[in-house]
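Trainee: with the sequence up front, the predicted model follows.
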Amino acid sequence: MTTMTMHRATREPIIEVSDLRKTYDGRAVVDGVSFTVEEGEIFGFLGLNGAGKTTTVECVEGLRVPDSGRVRVAGLDPVADHEAVTGILGVQLQESALQSKLTVQEALELCSAFYPRPLDWKPLAERLGLTAKLTTRFGKLSGGQKQRLFIALALIGSPRIVVLDELTTGLDPRARRDTWELIEDVRNSGVTVILVTHFMEEAQRLCDRIALIDKGRITALDSPHGLVDRSPGSTVISFTPSAPLDNEDLAALPALRSVEHKEERITLSGTDETVNAVISLLVSKRITAHQLRVSDATLDDAFLDLTEV
Ligand SMILES: Nc1ncnc2c1ncn2[C@@H]1O[C@H](COP(=O)(O)OP(=O)(O)OP(=O)(O)O)[C@@H](O)[C@H]1O
């Protein structure tokens, strides 16, 4: 992590998952999931609560045993070769894993001792804003400080892959941005990052690719841009017309996804074709568009479009 070389994904899969299934009480919570993660990429999972994200990543970590399917981490089976996988994969601990009387420094030193080539914990603690808290007991840390310590502990073993589940939940906006920079540095040093998140801005900024999980299945897997482009309403145009527009004319616009009227203001979502057609319509009717705004849909829009609620 200390060498800040520029990231270049090597395009070699370091994680391979095919047709993964996990059932609880006869219900498939992960239902035929397949994906690969290339070494050096940040790979994100997005999905509604209960979609199967954590179950999927815990099968990759070897913490849950799949009912069927194949999982390989650097060529190893995470269940059969659990010890070897633990040596190359850093995971965020759960709150219950640390004794409340342990100080931050003790936790960092203790976890360093588990690994053959641990990072120097002092700069790591500094980077995560924990230096002033080294002598504070875990039980006395705030939620955000605990979260930072968990991130430090996930990275301390100098892993090839780090799995961060809800990385910045509970962090204030400043700490969240600092953590994003840290994760970018981690990736730039060649570490592969698996990120489970509910924050679209985080996924959009950090992830090279994102798997959308819905009811135990991957419904889309693409770059953040690619997902936004797949969203049927990928371009949004809004304006206040100088004279009323005919609803039938609006409804006939090509590739139109939605029309919204708010007092006199009209917001349409569709594609570039929709935008061009509405401009032609306005010109042909000699109507001026006041406060005209055209914007791309966000990952948020894509997520809602591509997830069945
Ligand atoms: N040990 C278990 N026993 C029974 N059901 C479980 C178990 N673990 C998870 N589940 C169920 O599996 C489904 C998927 O859970 P999972 O934690 O993987 O979802 P998630 O996408 O990570 O959700 P969240 O965003 O809420 O963390 C949920 O319906 C959950 O209740």
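Mentor: Here it is on my side, so go on.
Trainee: got the confidence number for the closest residue in space to Pro232 that isn't next to it in sequence?
Mentor: Distances taken as C-beta to C-beta, 6 or more residues apart in numbering put Arg257 closest to Pro232, at 4.9 Å, once the chain neighbours are dropped. Where you see a C-beta, it was placed from the backbone N, CA and C, and this is true even at glycine. Predicted confidence (pLDDT) for Arg257: 86.
Trainee: compute the number of surrounding residues for the closest residue to Lys215 other than its chain neighbours.
Mentor: Distances taken as C-beta to C-beta, 6+ apart place Ala51 nearest to Lys215, at 6.5 Å, with adjacent residues excluded. Applying other C-beta atoms under 10 Å, we find 22 residues neighbouring Ala51.
Trainee: list the contacts of the residue nearest to Pro232.
Mentor: Pro232, Gly233, Leu268, Ser269, Gly270, Thr274 (C-beta atoms under 8 Å, 6 or more residues apart in numbering).
Trainee: would you map the helices across the stretch 51-200 of the chain?
Mentor: For the stretch 51-200 of the chain, applying DSSP state H, counting those that start in this stretch gives helices covering 53-61, 82-88, 104-112, 121-127, 143-155, 173-188, 200-206.
Trainee: as JSON lines, the ones you listed with mean neighbour count and mean pLDDT would be great.
Mentor: As requested, the helices of the stretch 51-200 of the chain are exported to JSON lines (neighbours: other C-beta atoms under 10 Å; pLDDT from 0 to 100):
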{"stretch": "helix 53-61", "mean neighbour count": "23", "mean pLDDT": "95"}
{"stretch": "helix 82-88", "mean neighbour count": "16", "mean pLDDT": "91"}
{"stretch": "helix 104-112", "mean neighbour count": "20", "mean pLDDT": "94"}
{"stretch": "helix 121-127", "mean neighbour count": "17", "mean pLDDT": "91"}
{"stretch": "helix 143-155", "mean neighbour count": "21", "mean pLDDT": "88"}
{"stretch": "helix 173-188", "mean neighbour count": "17", "mean pLDDT": "86"}
{"stretch": "helix 200-206", "mean neighbour count": "20", "mean pLDDT": "91"}
